[in-house]
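Novice: coords please:
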Amino acid sequence: MHWGPGAMRSREELKGRHIAPGTIRRALGFAKPYKVQVVLFLAATIAGSFVAIIPPLLFKRLLDGLNTHTITVTKHSELNVIAFAAVAMAFGIAMLSLSGRWFASRVGEGLIYDLRVALFDHVQRMPLAFFTRSQTGALISRLNNDVIGAQQAVTGTLGNIVSNTISVVSILVVMVALQWRLALLALCVLPLFLLPSRLLTKSLVGITREQMNLNAGMNTMMTERFNVAGALIAKLFGRPAEERGSFSSRAGRVRDIGIRLALYMRVFFVLLGLVAAIGTAVVYWEGGHLVLSKAIGLGTLGAFTIYVTQLYSPLTQLTNSRVDLLTAFVSFERVFEILDMPHAITDRPGAIELPKPQGRIEFDHVSFRYPTAAEASLASLEQGLPVASEGEGPPPYVLKDVSFTIEPGRTVALVGPSGAGKTTIAMLMPRIFDVTEGAIRVDGRDVRDVTLQSLARAIGVVTQDPHLYHDTIANNLRYARPEATDDELIRACQGAQIWDLVSSLPDGLSTVVGERGYRLSGGEKQRIAIARVLLKDPAVLILDEATAHLDSESEALIQRALAAALEHRTAVVIAHRLSTIVDADEIFVVDEGRIVERGPHTELILANGLYSELYETQYSRSATGSAAI
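Specialist: Sure thing, here's the model as predicted:
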């Protein structure tokens, strides 16, 4: 395994307590398609804020009307009007609140959808090296938790800022009109509202970012353990207690950071509440003196007490909105961190469709090294992996000046010791990786000059450990060709010698295979994978240890099926069991990233080179095993 420079990780850890430049502008760009809904949401919010200042005036009118010794029919009628107006105001506020909530949900859920789709599409186009280093749980956390946190910045926090700003301005105007001296007293404590925000905002942003990272780490552990392979490993090694301890440690850190965040938030709100209490007490004290001195009426004081509460509440929320906005934009920052990763393998400008491929493969002085950590992934997505030293150079080449040509319809086998570079050669053909030096051509065209989609149609691959989705056999097969008919599925299964099994199942092609196909045996899963690639009908077929999981009987069936399937196709076969590739048209012997021998089986045996040594070793081992039996 090769590790890249560690600078990226240290930058993440030392990124600081502020939001990356441009994050807010880009976040608002995601909201642009919803500008009509945003305007209507803000209009409903603003209208609701204006309507909310009317009930205290009704209360003032009520107190002023009752604070007389003369009771008349007119006053009874006025009471009826005040009561009706109060109900009407409550109804209006409720309708505006519902309308605002409707538009906010349209914007919020739309943003969640857009961000999730953008993230999913971007991530699934990343090169394979990205997935070999990134933690699945961390990626899922970005698509779930961070996306939801991001939309809160646009809907919840933005709405609160607008609503509270309008409320503060309108309430202050009414308070000044009612009694300017009391209004000034209420404003005296305004500078104190800024103090808690300045003291705690940076800490809250940092704690929020740390909480997101810890949640991602916990999600990663659950993702890895709650699948068949992970659960099986834990059971085989008898480690449930250790697993519980490890998860308990991660969950404990999430708990501790949650407590810390809750405490910081409570301190923040307590400080704001104390400031509001001081301001309210001052207004009560001075307002009471003004009533006693007949400077203002009781109704004015009653309205003022309500307005003071209404003033300090949005002021508190406005002060907190800065914290909410910054912590919410941390989520946007984490989303954009993924979206800003470039796709290392993509269609070149002007890439063409590969026309009716014939299957001619050419390697022209190809050299290749795997990408470094900094080139392939993000440090925040691979928590816990070792970090390379600052001065470490690029990883060594795993392929060195490899050149060969495979003519259409021929079968070539790649053999050699483990780690020699056989699978790497195979994965370069469909551009799972791109060459570092040299070129690979299909039918005379550089694979980088044709579209990835057309190249994928031309090349089919069956890997040593094929992946089946938790779905039906039919849907797993149709992943190769969605429009395939049931008859075509049956013919593909027959070609892979799996139809007898599928037809014997109660649900036939509708049988669910389980996660990663674990309801099937290794050989059955492998034959389903072969059927899937036969349904694809590619011009080039790559078999990377495709018969490794088969018993002798199944292997014999598959070999006969593949003999027919490989007819008129270019085939590249990787096999450790050399007995399976003796009939190949040509055998390439790979060692330490180079092709050291090539030729048919008989010729290579007579050459007494590495191939002859490998074959003799396997033959001797097989003979010894037979004698022992």
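
Novice: Wait, a helix at R142?
Specialist: Yes: inclusion of R142 in a helix is indicated when DSSP: H, G, I helix; E, B strand; the rest coil is applied.

Novice: Next, work out how far apart F368 and G22 are.
Specialist: F368 sits 35 Å away from G22, going by CB to CB, to the nearest Å. Where you see a C-beta, it was placed from the backbone N, CA and C, and this is true even at glycine.

Novice: likewise F130?
Specialist: 23 Å.

Novice: same deal with D585?
Specialist: 56 Å.

Novice: Equivalent analysis for Y615, please.
Specialist: 61 Å.

Novice: Compare those two (neighbour count), which wins?
Specialist: Y615 (17 against 11; other CB atoms under 10 Å).

Novice: Not counting its neighbours along the chain, what's nearest that one?
Specialist: L578 (5.1 Å; CB to CB, 6 or more residues apart in numbering).

Novice: just checking, that neighbour touches V415?
Specialist: Yes: the pair L578 and V415 qualifies as a contact (CB atoms under 8 Å) at a distance of 6.2 Å.

Novice: For these two, indicate the residue with more neighbours.
Specialist: More neighbours surround V415 than the other of L578 and V415, with 25 against 19 (other CB under 10 Å).

Novice: what's the pLDDT at that one?
Specialist: pLDDT recorded at V415 is 91.

Novice: Next: L14.
Specialist: The score at L14 is 29. That number is its pLDDT.

Novice: for H467, same thing?
Specialist: So H467 comes in at 82 (pLDDT).

Novice: Let's verify it: helix, strand, or coil?
Specialist: With three-state DSSP as the criterion, H467 reads coil.

Novice: List the buried residues for the helix or strand containing L172?
Specialist: Remark: L172 resides in helix 158-178, with elements defined by DSSP states H and E. Across helix 158-178, burial judged by 16 or more other CB atoms under 10 Å covers 158-164, 166-168, 170-171, 174-175, 178.

Novice: can you check stretch 108-123 too?
Specialist: 108, 110-112, 114-116, 119, 122-123.

Novice: do the same with stretch 196-208
Specialist: 196-197, 200-201, 203-208.

Novice: next one: stretch 251-265
Specialist: 253, 257, 261, 264-265.

Novice: now R431: how far from Q317?
Specialist: In this view, R431 and Q317 are 53 Å apart by CB to CB.

Novice: swap that for F130, sorry
Specialist: From F130 to Q317 the distance is 41 Å (CB to CB).

Novice: Could you check which of the two has the larger neighbour count?
Specialist: Taking other CB under 10 Å, F130 and Q317 do not tie; F130 has more neighbours (22 against 18).

Novice: show me what contacts that one?
Specialist: 123, 341, 376-377 (CB atoms under 8 Å, 6 or more residues apart in numbering).

Novice: And it, how far from G206?
Specialist: 27 Å.

Novice: where does the stretch 501-629 of the chain have low pLDDT?
Specialist: 546-558, 560-565, 579-580, 619-629 (pLDDT under 70).

Novice: My read is that A439 contacts V366, right?
Specialist: Yes: when contacts are counted by CB under 8 Å, A439 is listed as touching V366 (7.2 Å).

Novice: Which one of these two is surrounded by more residues?
Specialist: Neighbours per residue, other CB under 10 Å: of A439 and V366, the larger number sits with V366, 21 against 15.

Novice: what bridges to the more buried one?
Specialist: V402 (DSSP bridges).

Novice: okay, it: pLDDT?
Specialist: Value for V366, per-residue pLDDT: 96.

Novice: now the strands: where do they sit in the stretch 451-600 of the chain?
Specialist: Using DSSP state E, counting those that start in this stretch, the strands found in the stretch 451-600 of the chain span residues 459-462, 540-544, 570-574, 586-591, 594-599.

Novice: I'd like to know how many residues surround D465.
Specialist: D465: 14 neighbours (other CB under 10 Å).

Novice: separation between it and V533?
Specialist: 15 Å.

Novice: For the chain, which element, helix or strand, carries the lowest mean pLDDT?
Specialist: Across the helices and strands of the chain, mean pLDDT, DSSP states H and E gives its lowest value to helix 7-13, namely a mean of 32.

Novice: can you list the domains in the chain?
Specialist: 7-339, 361-368+396-624 (automatic domain parsing).

Novice: So which of those domains is nearest G350?
Specialist: Ranking the domains of the chain by distance to G350, with CB to CB as the measure, places domain 361-368+396-624 first at 8.0 Å.

Novice: Any idea how far the closest one is from the middle of the chain?
Specialist: Mean-position distance between domain 361-368+396-624 and its chain equals 31 Å (CA atoms, centre = their mean, to the nearest Å).

Novice: Stretch 304-320 too?
Specialist: Relative to its parent chain, stretch 304-320 has a centroid offset of 39 Å by CA atoms, centre = their mean.

Novice: who's in contact with it?
Specialist: 52-53, 55-56, 59, 160-161, 163-165, 167-168, 171-172, 174-175, 178-179, 182, 186, 190, 193-194, 196-197, 268-269, 272-273, 275-276, 279-280, 283-284, 287.

Novice: before we move on, the earlier item: what's the first helix or strand after the helix holding L172?
Specialist: helix 180-188.

Novice: helices or strands up against that following helix?
Specialist: With contacts taken as 3 or more CB pairs under 8 Å, 6 or more residues apart in numbering; DSSP states H and E, helix 180-188 sits against helix 158-178, helix 240-292, helix 298-339.

Novice: Let me have those in a markdown table, adding mean pLDDT as columns.
Specialist: What follows is these, written out as a markdown table (pLDDT from 0 to 100):
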| stretch | mean pLDDT |
| --- | --- |
| helix 158-178 | 82 |
| helix 240-292 | 80 |
| helix 298-339 | 77 |
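
Novice: Verify the stated contact: S49 with G159.
Specialist: No: here S49 lies out of contact with G159, judged by CB under 8 Å, at a distance of 10.5 Å.

Novice: rewinding a little: now the helix holding L172 against helix 240-292, angle please.
Specialist: Going by axes from the mean of the first three to the mean of the last three CA atoms, to 10 degrees, helix 158-178 is angled at 20 degrees with respect to helix 240-292.

Novice: Show only the entries of the buried residues of stretch 196-208 found in helices.
Specialist: If you go by DSSP state H, the buried residues of stretch 196-208 have 196-197, 200-201, 203-208 in helices.

Novice: wait, what's in contact with M222?
Specialist: 137, 247.

Novice: ok, and it, which helix or strand is that part of?
Specialist: helix 190-225.

Novice: Figure out how far that helix is from the centre of its chain.
Specialist: Worked out by CA atoms, centre = their mean, helix 190-225 lies 19 Å from the chain centre.

Novice: what mean pLDDT would you report for it?
Specialist: On average, helix 190-225 scores 74.

Novice: so that helix versus helix 158-178, what angle?
Specialist: Using the same axes, to 10 degrees: helix 190-225 against helix 158-178 is 160 degrees.
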